[in-house]
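# Return atomic coordinates for the entry below.
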Amino acid sequence: MLTARTRIVAGVAAAAAAGALALAGSLAPAGAAPRAAEVPVAAAAEPPVFTATLDRTYDTFDANQGVAVDDRYFYVVDNRRVTKHDRATGQPLLQFAAESGGPMIHMDSGVVVGGKLYAAHSNYSDSPMESSVEVFDTRTMRHVHTYSFGIFRGSLTWLDRYDGAWWAGFANYDIVPSGQTEPYGGTYNTQVVKLDDDFQVVESWTIPKPILDRFKPMSNSGGSWGPDGRLWLTGHDLGEAYVMRLPQAGGELEWVATVALPGVEGQGIAWDRAGSRSTLWAIKRTTSQAFRFRVPYQSIRDPKTTTWQVYGPGHFVR
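The predicted structure follows:
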């Protein structure tokens with residue numbers, strides 16, 4: 001799906017190309033070889049909107065920032081707490097709780113990989129921004145490891161494992177924190193980053209500005225790779241997920257579709273990859289609930305768009 005900015009660039013390029021070809025045609029000598037038919041660039045539609053169906057609701061007391069899930073349990077995340085729940089009954093089983101004033105300040109989304117829960121953590125909303133990955137043993141809920149990014153690309157808000165790599169969201173914000181005079185990084189500086197096994201940067205992308213405009217003055221809060229091989233992103237407040245794919249070229253993710261998540265108020269999400277039927281998990285902060293959704297992801301199609309052409313001699317754009 002073309003973003004608004006891409007459509008503008010493509011439209012300008014197409015107009016320039018059409019003008020150049022028309023001029024070249026008017027100057028072509030008699031008997032010149034016929035030129036190839038020009039293909040008009042169709043106006044791209046806005047991404048389609050789908051709606052998820054609520055499958056189950058769980059009452060919790062910690063569902064404030066995000067949720068993680070494995071085959072038997074789900075884990076709700078608050079700033080300094082992570083609570084493990086039984087998926088069958090919804091009952092809380094174990095809780096990690098850090099004291100105020102300690103190193104744990106602001107945990108966000110989490111993901112379970114290989115029996116460990118990896119939680120995105122930052123010092124939000126202090127400056128300069130610091131981020132880390134905090135690791136927990138899902139059996140005991142004990143904290144077992146930390147990886148520090150230090151002062152990096154923003155505030156780490158989500159982490160996921162997909163296609164042999166780590167993926168992360170580093171949020172920046174338009175809000176001006178109390179006691180400060182400048183925006184907290186600027187929402188347009190938010191990035192999605194691909195990392196290797198040692199959390200070293202491999203690549204990074206920006207999020208289309210029309211989506212970031214919906215996030216403002218906050219930023220990207222959740223991210224999880226779906227069973228469709230696309231990256232699903234959420235903001236801080238709205239009950240909708242944005243379905244993205246890696247671009248064919250350039251440094252901006254492509255917006256494929258939007259999926260409404262009824263009752264959700266933004267924040268972290270997690271795809272359940274353990275069951276036979278993939279479901280998307282989210283939270284509702286105001287009621288401290290965890291939601292499980294059935295999502296029509298198989299109905300979402302990648303748009304077939306071309307934003308460039310290859311020309312031969314006699315047809316070059318000048």
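
# Which residue ranges of the stretch 101-250 of the chain form helices?
According to DSSP state H, counting those that start in this stretch, the stretch 101-250 of the chain carries its helices in the segments 209-215.

# low-confidence ranges in it?
Applying pLDDT under 70 to the stretch 101-250 of the chain flags no residue at all.

# Quickly note the distance from residue 242 to residue 46.
The gap separating residue 242 from residue 46 is 12 Å, by Cβ to Cβ, to the nearest Å. (C-beta placed from N, C-alpha, C; glycine too.)

# residues contacting the most centrally placed residue in the chain?
Central residue of the chain (Cα atoms, centre = their mean): residue 233, 3.0 Å from the mean position. With contact set as Cβ atoms under 8 Å, 6 or more residues apart in numbering, residue 233 has these partners: 169, 192, 207, 211, 220, 222, 223, 241, 242, 244.

# repeat that with 6 Å
When contacts are counted by Cβ atoms under 6 Å, 6 or more residues apart in numbering, residue 233 is found next to 220, 223, 242, 244.

# on that earlier part again, of residue 242 and residue 46, give the one with the bigger neighbour count.
residue 242 (26 against 13; other Cβ atoms under 10 Å).

# Distance-wise, check that one relative to residue 299.
Distance from residue 242 to residue 299, by Cβ to Cβ: 16 Å.

# now the strands for the stretch 51-200 of the chain?
Ranges of strands within the stretch 51-200 of the chain are 53-59, 66-69, 73-77, 81-86, 92-97, 106-113, 116-122, 130-137, 143-151, 155-162, 165-171, 191-195, based on DSSP state E, counting those that start in this stretch.

# so what does the shortest one touch, helix or strand wise?
In this case it means strand 66-69. When contacts are defined as 3 or more Cβ pairs under 6 Å, 6 or more residues apart in numbering; DSSP states H and E, strand 66-69 sits against strand 73-77, strand 106-113, strand 270-272, strand 279-284.

# In a markdown table, list the ones you listed along with distance to residue 131.
Formatted as a markdown table, the helices and strands packed on strand 66-69 follow (distance: least, Cβ to Cβ, whole Å):
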| stretch | distance to residue 131 |
| --- | --- |
| strand 73-77 | 15 |
| strand 106-113 | 10 |
| strand 270-272 | 19 |
| strand 279-284 | 21 |
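
# Including mean neighbour count and distance to residue 90, could those strands go into TSV?
Output for the helices and strands packed on strand 66-69, formatted as TSV (neighbours: other Cβ atoms under 10 Å; distance: least, Cβ to Cβ, whole Å):
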stretch	mean neighbour count	distance to residue 90
strand 73-77	26	9
strand 106-113	24	17
strand 270-272	24	15
strand 279-284	25	13
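
# Show me the one of the ones you listed that comes nearest residue 94.
Closest approach to residue 94 among the helices and strands packed on strand 66-69 is made by strand 73-77 (9.2 Å; Cβ to Cβ).

# partners of that closest one in the sheet?
Strand 73-77 has the following strand partners under DSSP bridges: strand 66-69 (antiparallel), strand 81-86 (antiparallel).

# Relative to residue 138, which of the ones you listed is closest?
strand 81-86 (7.0 Å).

# which other residues reach the closest one?
62, 73, 74, 75, 76, 92, 93, 94, 95, 96, 97, 141.

# CA atoms only: put that strand into PDB for me.
This file holds the C-alpha atoms of strand 81-86, laid out as PDB (Å, rounded to 0.1, in the frame of the first residue of the first chain):
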ATOM      1  CA  ARG A  81       5.200  -5.600  37.500                       C
ATOM      2  CA  VAL A  82       4.600  -8.600  35.300                       C
ATOM      3  CA  THR A  83       1.800 -11.100  36.400                       C
ATOM      4  CA  LYS A  84       1.600 -14.600  35.000                       C
ATOM      5  CA  HIS A  85      -2.000 -15.900  34.400                       C
ATOM      6  CA  ASP A  86      -3.400 -19.300  33.500                       C
END
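
# Measure how it sits relative to strand 92-97, angle-wise.
Per axes from the mean of the first three to the mean of the last three Cα atoms, to 10 degrees, the angle that strand 81-86 makes with strand 92-97 is 170 degrees.

# Could you check the angle strand 81-86 makes with strand 106-113?
Strand 81-86 runs at 40 degrees relative to strand 106-113, counting by the same axes, to 10 degrees.

# So which bits of strand 81-86 are buried?
81, 82, 83, 84, 85 (16 or more other Cβ atoms under 10 Å).

# for stretch 166-175, how far is the first residue from the last?
28 Å (Cα to Cα, to the nearest Å).

# Run through the strands of the stretch 201-318 of the chain in chain order.
Counting by DSSP E, counting those that start in this stretch, the strands of the stretch 201-318 of the chain are 201-206, 222-225, 231-234, 240-245, 254-260, 270-272, 279-284, 289-294.

# Can you list the strands that the longest one pairs with?
In this case it means strand 254-260. In the sheet containing strand 254-260, its partner strands are strand 49-51 (parallel), strand 240-245 (antiparallel), by DSSP bridges.
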